[in-house]
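K.L.:
mind folding the following:
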Amino acid sequence: MFEQLPPNVSFLNRFPVVYFAHPISGLPLNVVQDYYQSTRERFGRICQVRTPMDVIARTDLKERKESFKEPGMANDVITSRDYGFVRECDVIFANLSKCTRPSIGSIMEIAWAYAYDKYIMIVMDEEGIHEHGMILGAHPLVYRSHMAAANDLIEYCKTGFSDPRLRSYADSLKYKL
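P.N.:
I've put the predicted structure just below:
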């Protein structure tokens, strides 16, 4: 599918930490898992991928209540985990396209990114449900196309690469527009 990453990539390359936000609630688990799996496959060799699916994620409304049976499902654990991921990242890439309802979790993650002065990239539909002054006031780069945003993220990741082989590999990941 993609060009193979060269062996022995120089240690002088800096791989940014990217937190990928995407709606979870209201979506079938397999849709969320497929999105994050394809994201990890595309970007996992040019950046450190962080997602809300890295530990435990919930998609069912009944799971929103505190659960003492499974500590990892507790709301404060999930909130603290995702907050930490955003705090430690260089970039937040929020794909809010095709949403049928607001993604409160993604909105919080964008707010945390703004508070920590992170680089914010958001994909949202033209006049979509997330087109709001509070989101736009966080000064994100707003994209109407996932492909355009992904290609810009690849360019961002390349800024930390000194190895020309790694830069070439990153270019091979770009969507053909």
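K.L.:
measure the residue positioned nearest the centre of the chain to Ser168 for me?
P.N.:
In the chain, the residue lying closest to the centroid (Cα atoms, centre = their mean) is Phe20, at 0.9 Å. Counting by Cβ to Cβ, to the nearest Å, the gap from Phe20 to Ser168 is 24 Å. In short, each C-beta sits where N, CA and C put it, glycine included.
K.L.:
now do the helix or strand bottoming out on mean pLDDT in the chain: which elements does it pack against?
P.N.:
One helix or strand of the chain scores below all others by mean pLDDT, DSSP states H and E: helix 133-136, with a mean of 82. Here helix 133-136 touches helix 104-115, going by 3 or more Cβ pairs under 8 Å, 6 or more residues apart in numbering; DSSP states H and E.
K.L.:
where do the helices sit along the chain?
P.N.:
Using DSSP state H, the helices found in the chain span residues 29-43, 75-88, 104-115, 133-136, 146-158, 164-172.
K.L.:
please identify which of these is closest to Asp125.
P.N.:
helix 146-158 (10.5 Å; Cβ to Cβ).
K.L.:
what comes up buried for the closest one?
P.N.:
Neighbour counts using 16 or more other Cβ atoms under 10 Å place Ala149, Ala150, Asn151, Leu153, Ile154, Tyr156, Cys157, Lys158 of helix 146-158 among the buried residues.
K.L.:
how about the CA coordinates for it, as CSV?
P.N.:
What follows is helix 146-158, C-alpha atoms only, in CSV (Å, rounded to 0.1, in the frame of the first residue of the first chain):
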residue,chain,number,x,y,z
HIS,A,146,-10.1,15.2,5.3
MET,A,147,-7.6,14.6,2.5
ALA,A,148,-6.3,18.2,2.6
ALA,A,149,-6.0,18.1,6.4
ALA,A,150,-4.2,14.8,6.3
ASN,A,151,-1.7,16.0,3.7
ASP,A,152,-1.0,19.2,5.8
LEU,A,153,-0.5,17.0,8.8
ILE,A,154,2.1,14.9,6.9
GLU,A,155,3.9,18.2,5.9
TYR,A,156,3.9,19.2,9.6
CYS,A,157,5.4,15.9,10.6
LYS,A,158,8.1,16.2,8.0
